[in-house]
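Asks: One predicted model, sequence on top.
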Amino acid sequence: MTRPSTDDRALVTTCPSCDGLTFILTACACLEYGDRLLVTDEPAPRGPYRDCRVCRGLGRVGRPCQRCGQRGERRAQLVLTVANLDTGEVASASVVPGAVTPRPASDGGWQLPLSPLVDELAEAVGAATWASCSGGAATWTSYSLGVSTRSSCSGRPAAALAVRLPDEWSPELPDDQRSALQSRAIAGYPGESWQVFLGRSLAPPPVAPQRRLDQLRALADRLCLDLVLEARRLCHDDLLWDVRFDLPGAAVPANLRGSAASLADALGDVTVAYAISGLAARGMAAPARYLVPTADPAPGPARDLAQIERRVIADCTDLRSGEPLPGACAIWRDGHWWHSSLRVAGHRDRLVERETGQLVHRRTELLRRGWEPPDPAWLGDTIPCTPCPDCELAEGQRVCPCAVDAAADPDCAGCGGSGLRSGVSSCHTCRGSRRSYQGLVVTLTDLADQVTHLTWRAGDVAPASPVGLRADGTPVVQLPDRFRLACHAAAFGVRPEDLTEADGGWPVDHELCRGMASGEVTGVEPLTRYLAQAGRGRPGARLIVSAAPPEVPALPQLIRLAHGLGLAVEVSVRDDRSPADNPLRTRGLCWRAEITVADPARAAAAEVVFPGRPTLAGAIAYALDYLPSVLAEAVPNEPTRPIATPCSGISEPIADPEPMLRRLGADHPGRWVTVRFGPAGSRIEVPEQIDPRE
């Protein structure tokens with residue numbers, strides 16, 4: 001393999017997708033179901049729908065070519081970049097025709113291998129492990145959760161990067177023909193034109209699947225949750241595996257969630273956050289019961305990973321008839337593995353209108369377990385609940401948000417002052433559970449070893465002290481310390497603003513952190529009102545709170561990374577702190593972080609307002625989720641302009657700008673103050689100021 005050319009002149013070729021026409025002719029979607037208004041998945045003669053709203057019965061439709069942006073030309077260039085987060089070092093290579101020696105592909109034909117080039121770049125910047133952040137957000141926690149050396153974000157070995165050459169390419173062709181075919185192949189590469197890999201200097205030790213399973217089992221016991229290993233049939237004999245936490249009594253998910261071909265792969269991919277994600281949706285109908293945590297249960301007979309996998313696979317087939325079943329699962333509960341097959345419990349039918357005007361009959365299989373294991377020993381008494389008062393309205397009616405805690409706003413555009421509005425959104429009062437709980441179990445955890453369960457019951461002695469009035473005049477009271485999550489954060493070594501909901505990662509509500517509830521509600525104690533509000537949409541009346549800050553690069557590392565890639569970082573802070581004698585208004589600092597293109601004009605044109613976060617680390621994590629979009633935006637739109645190939649040596653550590661940002665926020669309370677850290681310098685912007693300060 002030869003080193004890529006350092007000549008960054010852009011090579012332009014005719015767009016392979018549209019052949020230079022700027023548009024493509026595609027088969028209309030109506031051809032899939034033929035000339036029928038009401039269609040099903042049953043076979044039918046393929047033909048255009050005569051009353052199609054898209055193609056008007058022609059069967060083909062012209063669409064703008066998205067690959068070239070309706071220019072008819074594409075850039076025959078790919079750029080590979082590896083950035084070391086620990087040192088700030090960046091290395092890039094430009095892949096153009098003739099830069100990489102073609103090699104035979106394993107399935108025949110020829111290709112341009114790119115993986116060896118990425119290996120060279122990683123070695124040049126001293127990266128022992130890396131993850132791709134092109135086409136999807138890099139999973140930053142994967143670096144600390146046992147990603148193997150030189151692996152993808154998913155934890156499995158990264159697929160070989162290569163550009164497939166056209167079938168007519170041959171080493172015997174003249175140079176100009178070979179170059180033209182390579183140009184066409186590079187321009188038609190389906191991935192992003194700028195592929196960025198983020199690396200670390202030290203590779204974390206790999207975690208064996210069996211050890212990962214043991215860790216998840218131990219955490220499930222501490223959290224009082226089920227650990228479910230589930231295999232679902234995709235088609236024929238193909239099974240996809242999923243590893244997740246569930247509440248006892250939770251429904252089997254209707255949609256396929258797993259994507260791993262084996263249990264070992266599923267355990268290699270899974271993180272604790274992923275295993276908990278979706279817990280609310282799956283457990284909405286689970287029975288609500290208090291917890292009675294016991295000592296560690298006596299473990300059952302030792303069983304290794306291979307034994308569990310064989311048993312689950314065997315349960316995917318009906319023993320009597322030999323017919324394949326939808327799937328099977330193994331559930332870890334009370335120190336034992338419980339096995340069950342998955343059966344079809346019924347079907348859900350619905351009609352979906354397509355853009356063609358056709359109505360498609362969709363049938364979804366509803367699954368159940370063939371056998372439910374006995375209740376765990378840590379389940380206690382039932383948590384009382386009452387039917388949601390706002391779900392008893394007429395079908396399609398919901399209480400308007402303006403009337404949830406006060407009288408309806410007569411000027412509300414949604415309800416016109418009636419307090420009711422139409423819509424299919426979930427009920428604001430119960431968030432779809434149709435129940436109002438009179439108790440709540442709050443579990444605080446560092447998602448590793450430390451777990452604390454708090455039991456809150458309506459009727460407990462909880463003297464409340466008034467703290468102020470809302471904007472609408474409603475009085476607010478504050479409950480004792482044991483009902484304030486902020487008072488429990490110190491036991492985990494974190495700040496109250498570091499507390500987030502484990503399912504979803506959203507910051508814990510300010511009033512829940514501070515234990516505040518509406519007072520003077522007729523016939524309802526403040527604690528009962530508080531529990532009903534805190535328990536909205538909680539599966540089984542349980543709230544699991546993560547007391548672990550996100551594992552993300554510090555702000556100086558983020559700035560060095562952005563500058564190495566030729567990008568900028570904008571950090572905004574708003575100081576909402578007020579005197580300590582008014583807990584109702586004490587919200588602390590609010591942060592935003594965004595990685596943007598270096599050109600301020602382009603960044604302003606594509607400005608997206610990110611939601612504020614109570615911590616800078618949380619804002620950085622949110623910004624990193626959007627890094628792939630920024631990388632795609634940084635690629636020039638004009639195909640004649642080459643993609644930059646950023647390269648830089650080890651950068652000097654920079655001072656942490658967080659103290660300066662805090663001072664700026666304190667100088668301008670209640671207003672967003674933004675600092676833009678660009679490659680050419682920094683810029684401070686304060687709203688309502690005529691001239692920003694340089």
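Replies: That came in fine, so what should we check first?

Asks: secondary structure class for the residue nearest to residue 164 when sequence neighbours are not counted?
Replies: Using Cβ to Cβ, 6 or more residues apart in numbering and skipping residues adjacent in sequence, the residue nearest residue 164 is residue 111, 5.2 Å away. Backbone N, C-alpha and C define where each C-beta goes, glycine included. Following DSSP: H, G, I helix; E, B strand; the rest coil, the label given to residue 111 is strand.

Asks: Hmm, residue 111 is touching residue 165, no?
Replies: Yes. With contacts counted by Cβ atoms under 8 Å, residue 111 reaches residue 165, the gap being 5.9 Å.

Asks: about what we covered before: what sits against the residue nearest to residue 164?
Replies: Contact partners of residue 111, counting by Cβ atoms under 8 Å, 6 or more residues apart in numbering, are 102, 103, 104, 105, 162, 163, 164, 165.

Asks: Quick check: the second one vs residue 79, distance?
Replies: Think residue 103. Per Cβ to Cβ, to the nearest Å, residue 103 is found 20 Å from residue 79.

Asks: More neighbours: these two, which one.
Replies: residue 79 (23 against 14; other Cβ atoms under 10 Å).

Asks: can you count the residues close to residue 206?
Replies: For residue 206, the count of nearby residues is 14 (other Cβ under 10 Å).

Asks: make that residue 214, sorry
Replies: Neighbours around residue 214, by other Cβ under 10 Å: 12.

Asks: Wasn't it part of a helix?
Replies: Yes. Using three-state DSSP, the secondary structure at residue 214 is a helix.

Asks: From residue 61, how far off is it?
Replies: Distance from residue 214 to residue 61, by Cβ to Cβ: 55 Å.

Asks: Same check on residue 447?
Replies: From residue 447 over to residue 61 the distance is 49 Å, taken as Cβ to Cβ.

Asks: Equivalent analysis for residue 678, please.
Replies: Distance from residue 678 to residue 61, by Cβ to Cβ: 44 Å.

Asks: and if you look at residue 528?
Replies: Residue 528 is 58 Å from residue 61, by Cβ to Cβ.

Asks: Report the beta-bridge partners for the residue nearest to residue 164.
Replies: Note on residue 111: beta-bridge partners residue 103, residue 164, judged by DSSP bridges.

Asks: Need the per-residue pLDDT for it.
Replies: Residue 111 is assigned a predicted lDDT (pLDDT) of 92.

Asks: same question, residue 575
Replies: At residue 575, pLDDT is 88.

Asks: just for the stretch 151-300 of the chain, where's the confidence low?
Replies: 151-159, 235-236, 295-300 (pLDDT under 70).

Asks: Test my guess that residue 305 contacts residue 212.
Replies: No. In this structure residue 305 lies outside contact range of residue 212 using Cβ under 8 Å: 9.5 Å.

Asks: Comparing those two, which residue is more hemmed in?
Replies: Using other Cβ under 10 Å, the more surrounded residue of residue 305 and residue 212 is residue 212, with 22 against 18.

Asks: How are the helices of the stretch 1-150 of the chain distributed by residue range?
Replies: 115-125 (DSSP state H, counting those that start in this stretch).

Asks: The stretch 151-300 of the chain now?
Replies: Using DSSP H, counting those that start in this stretch, helices in the stretch 151-300 of the chain cover 175-187, 209-223, 263-269, 272-276, 279-282.

Asks: Using JSON lines, please lay out these together with distance to residue 376.
Replies: Shown next, in JSON lines, are those (distance: least, Cβ to Cβ, whole Å):
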{"stretch": "helix 175-187", "distance to residue 376": "57"}
{"stretch": "helix 209-223", "distance to residue 376": "10"}
{"stretch": "helix 263-269", "distance to residue 376": "22"}
{"stretch": "helix 272-276", "distance to residue 376": "18"}
{"stretch": "helix 279-282", "distance to residue 376": "16"}
